[in-house]
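> What follows is a predicted structure for the sequence shown.
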Amino acid sequence: MNEAATGNLPRLLVLLGPTASGKSALAIHLAQIFGGEVVACDSTQVYRHFDIGTGKVPQSEQQGIPHRMLDLIEPSDVFTAGDYRRLAEPILEDIRERGKLPVVTAGTGLYLRALLEGLAEAPVRCEAVRDRLRSSAKVHGPKHLHQMLGRLDPEAASRIASADTQKVIRAIEIRLLTKQPVAAVHSSGRPPLQGFRVIKIGLRPQRQQLYTEIDRRVTQMFATGWVEEVRGLLAGGVSLEAKPFSFIGYRQIAKHLCGRPSLDEAITQIQQATRNFAKRQLTWFGRERDVNWIEAFGHEDRAAQLAASLLQAS
């Protein structure tokens, strides 16, 4: 599609950046100015009942702006980047048809890639392979599986945390079944998103300030009832084997409620794990093309003014 034709398409705004960079605050602000609706692009926020630790904006703080692609599935369900694309496309079309601006808040790089560029259809799960890998994890621990992935597909291993056993197993499974690295499988396949002119704005605060904000934010999550949320999930019968209990914070709090670590140790562990996650996000998004980077937090006036100017001029 030529540049003139692209310029006539409705806009789709993507706000990307690491956790705690202020994407949600900026998204709400811009949606208020430009008549938009927020579309979350986050692999953790699709799960119901896991709210505080996944950073969902409470309805009381959404300032009347609709937030889409939240609370889609139960904790026991499996959800993929392909599922995200499949469910997000009709939502984006609905927003476009009503003359609104979609404002995508992207914290999960693979989901954003699936949405904008398309991903190949990954192979169907092979339960025989998965059972062997699960058994290996139980005997040798999750780090053993991550080391195996590192030998089979170093690039995939660099993107997946060793504690995220489900993602590690899926990556090994794809590598074994297709004989290709995960990135190669994902790079071939479905067509890119059509019908929108995509504008990308990235938030990249100074690194030490970001880490300080992450530590503050984690502390605030505990103050607003994160431990109580996890206690309620466990009491309600949500299995520790459910995918969301592999998320940063949830697994540490679940262990704390079982006796170890102490609360202070859990908080410190979560802060460190979140800082490491932010580094991985920055690396991933740093490879994203055509991003207008803003060296500030989304809640800062400077970021709001620059983002509004970029969107106005686009």
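Yes, it's here. Residues are numbered from 1 along each chain as shown.
> List the buried residues for the helix ranked longest in the chain?
Across the chain, the longest stretch assigned as helix under DSSP state H is helix 263-286. For helix 263-286, the neighbour count (16 or more other Cβ atoms under 10 Å) marks 266-267, 269-271, 273-275, 277-278, 281-282, 284-285 as buried. All C-beta atoms are positioned from the backbone trio N, CA, C, and that covers glycine.
> And for stretch 75-95?
Residues of stretch 75-95 classed as buried: 75, 81-85, 88, 92, 95 (neighbour count, 16+ other Cβ under 10 Å).
> Tabulate the CA atom coordinates of that stretch in CSV.
Taking C-alpha atoms only, stretch 75-95 is exported to CSV below (Å, rounded to 0.1, in the frame of the first residue of the first chain):
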residue,chain,number,x,y,z
PRO,A,75,-7.0,-19.0,35.2
SER,A,76,-7.1,-22.7,34.1
ASP,A,77,-7.4,-21.7,30.4
VAL,A,78,-4.6,-21.6,27.8
PHE,A,79,-4.1,-18.4,25.8
THR,A,80,-1.7,-17.7,23.0
ALA,A,81,-0.5,-14.7,21.0
GLY,A,82,-2.6,-16.1,18.1
ASP,A,83,-5.7,-16.1,20.4
TYR,A,84,-5.0,-12.5,21.2
ARG,A,85,-4.9,-11.5,17.5
ARG,A,86,-8.1,-13.4,16.8
LEU,A,87,-10.0,-11.7,19.6
ALA,A,88,-8.5,-8.2,19.2
GLU,A,89,-9.2,-7.8,15.5
PRO,A,90,-13.0,-7.6,15.7
ILE,A,91,-12.6,-5.2,18.7
LEU,A,92,-10.4,-2.9,16.7
GLU,A,93,-12.8,-3.0,13.8
ASP,A,94,-15.7,-2.1,16.1
ILE,A,95,-13.8,0.8,17.5
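> quick one: average pLDDT of it?
For stretch 75-95, the mean pLDDT works out to 94.
> Quick one: distance of that stretch to the chain centre.
With Cα atoms, centre = their mean, to the nearest Å as the basis, stretch 75-95 stands 13 Å off its chain's centre.
> same question, stretch 62-73
Distance, stretch centre to chain centre, for stretch 62-73: 15 Å (Cα atoms, centre = their mean).
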